[in-house]
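Q: Prediction below, plus the sequence it came from.
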Amino acid sequence: MSERVGNDRLGVVTAPGTVRIDRVLPGPVERVWAYLTESDKRRKWLAMGPLADFVGGDVELTFHHSELSQDQTPEEYLQYEGHMIKGKVTRYDPPHVLSYTWPEGQDEPSEVTFELAPMGADTRLTITHTQLASKNAMASVATGWHSHLAALIAHLEGRQVEDFWETHKRIEPEYRHIIGN
């Protein structure tokens with residue numbers, strides 16, 4: 001049985017303001033690291049833009065969710081098309097750990113950490129997003145990571161990416177339920 005079975009399971013709340021999602025991705029750690037750090041690869045599942053390869057360096061992520069969907073972006077999410085966030089690298093330990101700040105409007109920035117570990121021919125990816133300001137932010141971020149990871153998995157497996165917004169709409173109520181808002 002493949003370790004990748006269950007790659008659609010929900011993330012978990014591990015502490016106040018913290019969500020964690022684990023996935024097993026096809027290929028070696030170095031391949032997955034490239035999809036975290038190289039703009040042209042990262043845009044295929046998350047967002048494009050430069051990411052410094054040192055602590056204290058800049059991160060700029062520009063989101064084009066329309067590139068991950070066959071359907072049009074729902075009206076309530078149009079504001080996020082072309083949205084850019086600017087953060088700072090807080091940990092850079094290739095090819096195993098990457099962390100950076102994630103600005104959230106007027107609140108203090110949260111922080112996202114990607115941890116990679118080999119699992120035979122595959123890679124375990126753990127995303128931990130901390131310092132989220134509210135339950136609403138936790139549910140939104142968890143839904144976003146879940147949907148983006150579905151796109152990454154499909155891409156790495158050589159499949160067509162399932163519609164991003166369809167996944168997002170389907171999974172959001174489940175995260176809102178388990179997080180409590």
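A: Received it, and whenever you're ready, just let me know what you need. If you're wondering where the values come from, they're calculated on a predicted model, not measured in any experiment.
Q: From now on I want contacts and neighbour counts done on CA atoms only, so please keep to that.
A: Fine.
Q: Quick check, central residue of the chain?
A: Central residue of the chain (CA atoms, centre = their mean): Trp145, 3.7 Å from the mean position.
Q: Please enumerate the strands of this protein.
A: 12-15, 18-26, 58-62, 84-93, 97-104, 107-119, 122-130 (DSSP state E).
Q: who's in contact with the shortest one?
A: Residues external to strand 12-15 that are found in contact with it (CA atoms under 8 Å, 6 or more residues apart in numbering): Val19, Arg20, Ile21, Ile179.
Q: Next, count neighbours for Glu75.
A: Counted with other CA atoms under 10 Å, residues neighbouring Glu75 total 7.
Q: Can you check the pLDDT for it?
A: Note on Glu75: pLDDT of 84.
Q: cool, and Ala47?
A: At Ala47 the predicted local distance difference test score is 96.
Q: Distance-wise, check it relative to Thr62.
A: Note on Ala47: its distance to Thr62, by CA to CA, to the nearest Å, is 5 Å.
Q: Quick check: the farthest pair among the contacts of strand 12-15?
A: The two members of those with the most space between them (CA to CA) are Ile21 and Ile179, at 13.7 Å.
Q: which of these two has more neighbours?
A: Ile21 (21 against 16).
Q: any low-confidence regions in this protein?
A: 1-6, 181 (pLDDT under 70).
Q: Try it again at 80.
A: For the chain, the stretches with pLDDT under 80 are 1-7, 70-72, 77, 79-80, 104-107, 162, 181.
Q: Determine the set of other helices and strands touching the longest helix anywhere in the chain.
A: Selection of the longest helix in the chain by residue count, based on DSSP state H, yields helix 135-156. Counting contacts by 3 or more CA pairs under 8 Å, 6 or more residues apart in numbering; DSSP states H and E, helix 135-156 packs against strand 18-26, helix 164-179.
Q: Report the angle between the first one and strand 122-130.
A: With axes from the mean of the first three to the mean of the last three CA atoms, to 10 degrees defining the directions, strand 18-26 sits at 160 degrees from strand 122-130.
Q: for the longest one, same thing?
A: Helix 164-179 and strand 122-130 are oriented at 60 degrees to each other (the same axes, to 10 degrees).
Q: just to revisit the earlier point, which residues touch the residue nearest to the centre of the chain?
A: Applying CA under 8 Å, 6+ apart, the residues contacting Trp145 are Ile21.
Q: swap in the one 10 residues further on?
A: Contact criterion CA under 8 Å, 6+ apart gives Lys44, Trp45, Val161 as the residues in contact with His155.
Q: do that again at 7 Å, thanks
A: Neighbour list for His155: Val161 [criterion: CA atoms under 7 Å, 6 or more residues apart in numbering].
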